[in-house]
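K.L.:
Give me a model of this one.
(chains A and B)
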Amino acid sequence: EDQVTQSPEALRLQEGESSSLNCSYTVSGLRGLFWYRQDPGKGPEFLFTLYSAGEEKEKERLKATLTKKESFLHITAPKPEDSATYLCAVIGIQFYFGTGTSLTVIP
Amino acid sequence: DGGITQSPKYLFRKEGQNVTLSCEQNLNHDAMYWYRQDPGQGLRLIYYSQIVNDFQKGDIAEGYSVSREKKESFPLTVTSAQKNPTAFYLCASRPRTGLNEKLFFGSGTQLSVL
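P.N.:
As a prediction, the model looks like this:
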């Protein structure tokens, strides 16, 4: 069964405390993996697309990596404005979404 | 600016009432989607459309209906047959299906039952 699992469900970090979010997936014929950021009451905002194992993408304090079974979203020296829910999605036959990791960065 | 506009932002439904959520895009995308988001669950696909005057059911289509009379518009009707409609509804689009293109999302509509 195609599915996406994100961990942890929730993460609280002190400002400046680096960490990683995990997205593990099982999907037939992976065609791409996507990371989105979602603020409360708003639609998801696109961050990264990864297509093949070994690929990495960076944007400011965020870095996304991909292996054959999982992806990591590394957050370096986070700031309070990084607080949000981070969603992972994969596309096989259709899009499959994880349940998200709710990140809170404490000043 | 190009984007997806969803309205209203908040909507309340009375028992036995049908309500319609609006979704308009000016990105010239062929494919449009409706997702439902509940706390603790991933986004679930309700309906999608790849071209005008054509649409397909997603995983949770029961109690919902859609139309695609114009490329720019993909309204979703939540019918009285949907017994648990309270959720956050997201409209999305992308250039075409069959490609590895990301989804673009609207800002969502929160539907609640009175």
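K.L.:
rest of the way, CA atoms for contacts and neighbours
P.N.:
Will do.
K.L.:
how many other residues sit next to the closest residue to B:N53 other than its chain neighbours?
P.N.:
Nearest non-adjacent residue to B:N53, counting by CA to CA, 6 or more residues apart in numbering or on different chains: B:R68, 5.1 Å away. B:R68 has 19 neighbours, counted by other CA atoms under 10 Å in any protein chain shown.
K.L.:
try A:R12
P.N.:
Neighbours of A:R12 under the rule other CA under 10 Å: 13.
K.L.:
and it, what helix or strand is that in?
P.N.:
strand A:10-14 (DSSP states H and E).
K.L.:
Show me which positions of that strand end up buried.
P.N.:
Along strand A:10-14, these residues count as buried under the neighbour rule (16 or more other CA atoms under 10 Å in any protein chain shown): A:L11, A:L13.
K.L.:
what's in contact with it?
P.N.:
A:P78, A:T101, A:S102, A:L103, A:T104, A:V105, A:I106, A:P107 (CA atoms under 8 Å, 6 or more residues apart in numbering or on different chains).
K.L.:
what's the helix or strand of chain A with the lowest mean pLDDT packed up against?
P.N.:
Taking mean pLDDT, DSSP states H and E as the measure, chain A has strand A:95-97 as its least confident helix or strand, at a mean of 92. Where contact means 3 or more CA pairs under 8 Å, 6 or more residues apart in numbering or on different chains; DSSP states H and E, strand A:95-97 is packed against strand A:3-7, strand A:84-91.
K.L.:
quick one: contacts of that strand?
P.N.:
For strand A:95-97, the external contacting residues (CA under 8 Å, 6+ apart) are A:D2, A:Q3, A:V4, A:L87, A:C88, A:A89, A:V90, B:G42, B:L43, B:R44.
K.L.:
And the next helix or strand past that strand?
P.N.:
As assigned by DSSP H and E, the chain's next helix or strand after strand A:95-97 is strand A:101-106.
K.L.:
Each with direction, which strands does that next one pair with?
P.N.:
As defined by DSSP bridges, the strand partners of strand A:101-106 come to strand A:10-14 (parallel), strand A:84-91 (antiparallel).
K.L.:
Could you list the low-pLDDT ranges of the chain?
P.N.:
In the absence of a named chain, this looks at chain A. Along chain A, the model assigns pLDDT under 70 to no residue.
K.L.:
wait, chain B
P.N.:
B:1, B:97-99.
K.L.:
For it, which residues are neighbours of chain A?
P.N.:
Proximity of chain B to chain A (CA under 8 Å from any CA of the partner chain) is limited to residues B:40-44, B:90, B:100, B:102-108, B:110.
K.L.:
Secondary structure element for the residue most central in space within chain B, which one?
P.N.:
The residue lying closest to the centre of chain B (CA atoms, centre = their mean) is B:W34, at 2.8 Å. Here B:W34 sits within strand B:31-37, counting by DSSP H and E.
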